[in-house]
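**Student:** A predicted structure for the sequence below; I have some questions about it.
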Number of protein chains: 2
Amino acid sequence: MKRILLVVAYEGTNYCGWQVQPSGVTIEEVLNQSLSRLLGEDIQVIGASRTDSGVHSLGNVAVFDTDTRIPPEKICYALNQRLPEDIVVQSSCEAPLDFHPRRCYSEKTYEYRILNRRIPVPTLRRDTYFYYRPLDVDKMQKAAEYLVGRHDFKSFCSVRTSVEDTVREILSCHVCKTLDDIISIRATGTGFLYNMVRILAGTLIQVGVGELEPDDIPKILAQKDRAAAGPTAPAHGLTMIGIRYPADVWDNISEG
Amino acid sequence: MKRILLVVAYEGTNYCGWQVQPSGVTIEEVLNQSLSRLLGEDIQVIGASRTDSGVHSLGNVAVFDTDTRIPPEKICYALNQRLPEDIVVQSSCEAPLDFHPRRCYSEKTYEYRILNRRIPVPTLRRDTYFYYRPLDVDKMQKAAEYLVGRHDFKSFCSVRTSVEDTVREILSCHVCKTLDDIISIRATGTGFLYNMVRILAGTLIQVGVGELEPDDIPKILAQKDRAAAGPTAPAHGLTMIGIRYPADVWDNISEG
């Protein structure tokens, strides 16, 4: 028995998110089916980030156990042959049998992309959120700096969750304008609450458009009330960029 | 009667190219139908670049004549309400009645994008050509420099065309690696032959992978034989970036 780790990229447009659920096709379900058929075993993956419906990924992580004799590094190639073109496994390797992608300390990076111009661009419609009112990137960056650190992010958590401890740590949060009128919000943290990055993005957009000031962010954090923060920005602007595990875990993983 | 100029962006994935034809839906056809319904007249647009099936655009140009009283600058907003989300008109303005987007001198810019890495990225699959063998960008740039200038591009023209004069002028051709493992080939010219940019891209890829040397380009040009150049790179890597008309034409256009 081996535990295999996959780095999984997907375009979330046509999926009801990561986690298996009755209402539609999910990434987890497609991986389970394709792996089970490839390996001739009943495979159940465990994902690191259970991304929402419509959210994309460049580097989500999943693990599963198998008795296969296919070399761990080759599994991604065999699996990609069976996956639809909007899910592509970037790499596969052996992980320690006790490695759990959500229970292990990790640093996750998400990017929220806003297309900020007068008129939409068709080729960018699936993975950027089109917002036509001009945004002040400097103000958004100032606001983002208040989010860095260990805070109670209750104001930035969907009320549709039962989580009790809403303290999380954001390690970095950068806002910058790239080419093609895209504003990128990149946040790295050791854990995020349900809808947290999308609510952060919705709130930073309110700062960018002048409805909030950067100095309002500490007040919003202090209120611990979802109603104090901005709206939840649409899912399709969000991409899970990647996950870093501590060096000793990665050492174990890469050694197989 | 007024002549209206549109700058048209589209994702070409779901279209059989620009030009109306029996075998499937085209950009031109959708524009004609949407404009005819919007304005209550029988509208026929004339396009500047008759892009192939699957090719994208950020700034193709089209003109049409109308008696409408809608202000020229507002037509794009009214039209976008009626267009599918993969076609978005970026701007509209009045043009001189005798302005023809293909007969007027113009400088067209195209970009061919190659995703050059070991494994595909799902969110980039529609507008980059995935090519996994490593490409030498410096060699590709050296080869591209031989293409600049006024040449007989017969070797870089599809045989499925009856055009007799195959001399064209390329004003610039740049190859560079951007973030995310994308190699961009940008070519600006006063005119391009059928499939010319895609054959240039296919040939530059052969240089990048070492099957041709940069010094082979002048020889390929001299042979005036389609078989001497590389393959036609796939359509979905190509984007029509934009078209510049001479300042006096643009002055006329922007003054309405």
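**Tutor:** In hand now; what should we look at?

**Student:** Without its sequence neighbours, what residue ends up closest to the one residue in the stretch 151-256 of chain A that gets nearest to chain B?
**Tutor:** Proximity of the stretch 151-256 of chain A to chain B (Cβ to the nearest Cβ) peaks at residue A:239, 7.5 Å away. Every residue, glycine included, has its C-beta placed from N, CA and C. Spatial nearest neighbour of residue A:239, excluding adjacent residues (Cβ to Cβ, 6 or more residues apart in numbering or on different chains): residue A:56 at 4.4 Å.

**Student:** Let me see the contact set for that neighbour.
**Tutor:** For residue A:56, the contact set (Cβ atoms under 8 Å, 6 or more residues apart in numbering or on different chains) comprises A:10-13, A:127, A:236, A:238-240, B:122-123.

**Student:** ok, 6 Å please
**Tutor:** Neighbouring residues of residue A:56 by Cβ atoms under 6 Å, 6 or more residues apart in numbering or on different chains: A:11-12, A:127, A:239, B:123.

**Student:** same question, residue A:198
**Tutor:** Residue A:198 sits next to A:232-233, A:238 when contact means Cβ under 6 Å, 6+ apart.

**Student:** now those residues in JSON lines, with pLDDT, secondary structure and neighbour count?
**Tutor:** Output for the contacts of residue A:198, formatted as JSON lines (pLDDT from 0 to 100; DSSP: H, G, I helix; E, B strand; the rest coil; neighbours: other Cβ atoms under 10 Å in any protein chain shown):
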{"residue": "A:232", "pLDDT": "98", "secondary structure": "coil", "neighbour count": "19"}
{"residue": "A:233", "pLDDT": "98", "secondary structure": "coil", "neighbour count": "23"}
{"residue": "A:238", "pLDDT": "98", "secondary structure": "strand", "neighbour count": "25"}
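
**Student:** The residue lying farthest from the centre of chain A and chain B: what is the separation?
**Tutor:** Using Cα atoms, centre = their mean, the residue of chain A lying farthest from its centre is residue A:69. It sits 31.5 Å away. Residue A:69 sits 23 Å away from chain B, going by Cβ to the nearest Cβ, to the nearest Å.

**Student:** A strand includes that residue, no?
**Tutor:** No - residue state for residue A:69 (DSSP: H, G, I helix; E, B strand; the rest coil) corresponds to coil; a strand is not indicated.

**Student:** Might you report the residue contacts of it?
**Tutor:** By Cβ under 6 Å, 6+ apart, no residues touch residue A:69.

**Student:** With residue A:196 instead?
**Tutor:** A:153, A:156-157.

**Student:** Tell me, how many residues neighbour the closest residue to it other than its chain neighbours?
**Tutor:** Closest residue to residue A:196 apart from its sequence neighbours, by Cβ to Cβ, 6+ apart: residue A:156 at 5.0 Å. Residue A:156 has 31 neighbours, counted by other Cβ atoms under 10 Å in any protein chain shown.

**Student:** Could you verify my assumption that residue A:156 touches residue A:197?
**Tutor:** No - counting by Cβ atoms under 6 Å, residue A:156 sits too far from residue A:197 to count as a contact (8.7 Å).

**Student:** Show me what residue A:94 bridges to in the sheet.
**Tutor:** Beta-bridge pairing of residue A:94 under DSSP bridges involves residue A:4.

**Student:** Name the SS class of residue A:57, please.
**Tutor:** Assigned by three-state DSSP, the conformation of residue A:57 is strand.

**Student:** ok, the residue nearest to residue A:196 to residue A:224 distance?
**Tutor:** 10 Å (Cβ to Cβ, to the nearest Å).

**Student:** cool, and residue A:65?
**Tutor:** Residue A:65 is 40 Å from residue A:224, by Cβ to Cβ.

**Student:** and what of residue A:194?
**Tutor:** Relative to residue A:224, residue A:194 is positioned 15 Å away (Cβ to Cβ).

**Student:** Residue A:86 too?
**Tutor:** Residue A:86 sits 38 Å away from residue A:224, going by Cβ to Cβ.

**Student:** More neighbours: which of those two?
**Tutor:** Neighbours per residue, other Cβ under 10 Å: of residue A:86 and residue A:224, the larger number sits with residue A:86, 18 against 15.

**Student:** contacting residues around that one?
**Tutor:** Residue A:86 makes contact with A:10-11, B:122, according to Cβ under 6 Å, 6+ apart.

**Student:** Looking at the residues you listed, which is nearest residue B:31?
**Tutor:** Nearest to residue B:31 among these, counting by Cβ to Cβ, is residue A:11 at 27.5 Å.

**Student:** where does the closest one fall, phi/psi-wise?
**Tutor:** Backbone torsions of residue A:11, given as degrees, to the nearest 10, read phi -100, psi 120.

**Student:** What of the one 10 residues further on?
**Tutor:** With angles defined as degrees, to the nearest 10, residue A:21 shows backbone torsions of phi -160, psi 160.

**Student:** Number of residues surrounding it?
**Tutor:** Here the number of neighbours of residue A:21 (other Cβ under 10 Å) works out to 13.

**Student:** Any figure for the gap between it and chain B?
**Tutor:** For residue A:21 relative to chain B (Cβ to the nearest Cβ), the value is 21 Å.

**Student:** Contact partners for residue A:214?
**Tutor:** A:139, A:142-143, A:207.

**Student:** Please tell me how far it sits from residue A:207.
**Tutor:** 6 Å.

**Student:** shared neighbours of these two, anything?
**Tutor:** By the contact definition Cβ under 6 Å, 6+ apart, residue A:214 and residue A:207 are jointly contacted by A:139, A:143.

**Student:** Can you tell me, leaving aside adjacent residues, what's nearest to residue A:190?
**Tutor:** Nearest residue to residue A:190, sequence neighbours excluded (Cβ to Cβ, 6+ apart): residue A:169, at 4.9 Å.

**Student:** What helix or strand is the one you found located in?
**Tutor:** Using DSSP states H and E, residue A:169 falls within strand A:167-177.

**Student:** partners of that strand, with directions?
**Tutor:** By DSSP bridges, strand A:167-177 pairs with strand A:149-152 (antiparallel), strand A:182-189 (antiparallel).

**Student:** Deepest in the core, which of those strands is it.
**Tutor:** Ranked by mean neighbour count under mean count of other Cβ atoms under 10 Å in any protein chain shown, these are led by strand A:182-189, which reaches a mean of 21.

**Student:** That one: how far from the chain's middle?
**Tutor:** Centroid displacement of strand A:182-189 relative to its chain, using Cα atoms, centre = their mean, to the nearest Å, is 11 Å.

**Student:** Contacts made by it with the rest, please.
**Tutor:** Here strand A:182-189 makes contact (Cβ under 6 Å, 6+ apart) with A:107, A:109-116, A:135, A:169-178, A:197, A:201, A:204.

**Student:** Quick check: the residue of the stretch 151-256 of chain A closest to chain B touching residue A:109?
**Tutor:** No - assessed by Cβ under 6 Å, residue A:239 is found out of contact with residue A:109, at 9.5 Å.

**Student:** any common contacting residues for the two?
**Tutor:** Shared contacts of residue A:239 and residue A:109, defined by Cβ under 6 Å, 6+ apart, are absent.

**Student:** Tell me which of those two has more neighbours.
**Tutor:** residue A:239 (27 against 18).

**Student:** beta partners of the more buried one?
**Tutor:** Assigned bridge partners for residue A:239, using DSSP bridges, are residue A:56, residue A:111.

**Student:** Kindly report the same for residue A:62.
**Tutor:** Beta-bridge partners recorded for residue A:62 (DSSP bridges): residue A:6, residue A:47.
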